[in-house]
Every structure is written in structure tokens, then in C-alpha cells.
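Enquirer: build me a structure from this.
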Amino acid sequence: PIVSASIVTYKNDVAVLKKAIDSFLRTSLDVKLFIIDNSPTDDLRKALLFYFKVRKTLIFPCARIIRFPFRIRGKKYIKIGKGFTTGYNCRIDALNINKSEKYLIEIGRDVEINDDVHIGATEKVIIGDNVLIASKVYISDHNHGNYKGNRQDSPLIPPRNRKIHSSPVTIENNVWIGEHACVLQGVTIGEGAIIGAMSVVTKSIPAYSIAVGSPAKVIKKFNFTTNKWDNI
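Expert: The predicted model follows:
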């Protein structure tokens, strides 16, 4: 538990803040959210935001706020746009297995990802501007093994021993991805599209459409003449 009375001194006593925050981060996410939502003076919320904003400058200075814990691998291969915001416990992996000198993950301006989002790339993941990603979303450009075309992998080979196969993922501007969705390799999600909760996106989704299901299928498309979403 955190003694909230000690938080009010955070601006003048960094040691007090760090001790309080470290204790806070060792608690479960449910407890953290309970404490934040029920803080009677709001001092804890202010202290946390101050701590996160200071700490994020050591990782991605142009970000708006990064909530810790935040897990990152291959930072030099990740490009983050201004205004980037995360929830708790997000994970971004740029796995440079192909010895590239380029960015593997590029995230545009004013992108917001919520709790427990996992983004992984070995080739390229591009996320455009003003993209909103709900909690527990998985985005990946790669897979253990190949399961289509020629030279498909046998189920007798242990998954960890199968060669990594990749294909770029592009998420264009103003996309909204719902909770628990998965976006898999080789997919492009067009501008302004909406991906429903728990959808698995295995094929590209056109711009200005709504797709749901596993595998995700387009169910609506925006009509710019009537300003309404038309059923497909």
C-alpha cells in the first residue's frame, strides 16, 4: 500500500516519489487501477503522471506519456511520432534478425495504445497518425514457419525450430482497433477502418470500412454521399 500523504511532496522530493512509485508498480494492475480510480485527493494520479512523463524522456522524448511497466526490445529500430501514448504493460519488439539498418517499427503522430498491447516486427510494421488501439491487441509481421505456398513447414518440426517468415504490416491513418484483436503478417488496414473486438485480421481491410470476426470480414463501408455506414 502507498501512503498517499507522502505523494504530495513529489515535486520537491524525488526520492520519496521513487520509493512510492516503485512500491506502487509492484502491485497488481487491478490494485493499481483501484488505487488510481479511488484516490480521494488525486495526489497519486498526479504523482504517477509526473513520474511517467519524466521517465519517458529517457526512452522516447517525443512521446506524450508512457505508463510503466513498458517493455521494449530493439529501441534503435523503432521510430515513435510526437504525442505517442501508452497504457500499462505494453510491449514493443523490433527483432533485427535480418541485420537491417532501417527502422522495423514506425509509429506516427498522436497514436494511442492501451494496456497490454504487443507489437512485434522482424521486417516492418508501420502505424499511421491518429491510430487508436485498444487493450490486449497483438500486431505482428512474422510467424514461426510457413503454412502456404511452396516449402510449407511440417508439424513434426518443433515450432521454435521453424524458420521465421515475415511480411510487412501497414495500419493507415485514423484506424481504430478493438480490444483483443490480432493483426497478422502481410496485412494492410486502410485509412479510417475499424476492427471489431476479438477480430483476427488475416487479410487486408479496405479504407473506411468496419471488419469483424475470425477471420475478419468487412460488414460495413462508409458512404460519403449519405454520411452513413452502409451494410455490405
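Enquirer: next, R55: secondary structure please.
Expert: What DSSP: H, G, I helix; E, B strand; the rest coil gives for R55 is helix.
Enquirer: how close does it sit to L49?
Expert: 11 Å (Cβ to Cβ, to the nearest Å). Using the backbone N, CA and C atoms, a C-beta is placed for each residue, glycine as well.
Enquirer: again, but for G149
Expert: Distance from G149 to L49, by Cβ to Cβ: 49 Å.
Enquirer: who has more neighbours out of those two?
Expert: L49 (13 against 7; other Cβ atoms under 10 Å).
Enquirer: in contact with the more buried one, which residues?
Expert: I65 (Cβ atoms under 8 Å, 6 or more residues apart in numbering).
Enquirer: helix, strand, or coil at it?
Expert: Assignment for L49 (three-state DSSP): helix.
Enquirer: just the pLDDT for it.
Expert: Predicted confidence (pLDDT) at L49: the value is 78.
Enquirer: ok, now the one 10 residues further on?
Expert: I59 is assigned 88 on the pLDDT scale.
Enquirer: next, the contact list for it, please.
Expert: 66, 70, 72, 75.
Enquirer: please redo it, this time with the cut-off set to 7 Å
Expert: Shown in contact with I59 (Cβ atoms under 7 Å, 6 or more residues apart in numbering): 66, 72.
Enquirer: distance-wise, check it relative to G213.
Expert: 36 Å.
Enquirer: partner strands of the strand of greatest length in the chain and their direction?
Expert: Ranked by residue count under DSSP state E, the longest strand found in the chain is strand 217-223. Applying DSSP bridges to the sheet, strand 217-223 is found paired with strand 209-212 (antiparallel), strand 228-231 (antiparallel).
Enquirer: so where do the helices sit in this protein?
Expert: With DSSP state H as the criterion, the chain has helices at 14-25, 29-37, 43-56.
Enquirer: worst average pLDDT in these?
Expert: Among those, helix 29-37 scores lowest, with a mean of 49.
Enquirer: what's the pLDDT at R109?
Expert: For R109, pLDDT reads 98.
Enquirer: cool, and the one 3 residues further on?
Expert: pLDDT, the model's per-residue confidence, is 98 for E112.
Enquirer: oh, and call the first residue 2 from now on, that's how I've got it
Expert: Sure, I'll start counting at 2 from here, so that last one is E113.
Enquirer: which ones are touching it?
Expert: With Cβ under 7 Å, 6+ apart, E113 has these contacts: 86, 133-134.
Enquirer: lowest-confidence helix or strand of the protein?
Expert: helix 30-38 (a mean of 49; mean pLDDT, DSSP states H and E).
Enquirer: state the mean pLDDT of the longest strand of the chain.
Expert: pLDDT averaged over strand 218-224 gives 98.
Enquirer: what comes into contact with that strand?
Expert: 206-207, 209-213, 230-233.
Enquirer: 10 Å - rerun?
Expert: 193-195, 197, 200, 202, 204, 206-214, 229-233 (Cβ atoms under 10 Å, 6 or more residues apart in numbering).
Enquirer: list buried members of these by neighbour count.
Expert: 193-195, 197, 200, 202, 206, 208-213 (16 or more other Cβ atoms under 10 Å).
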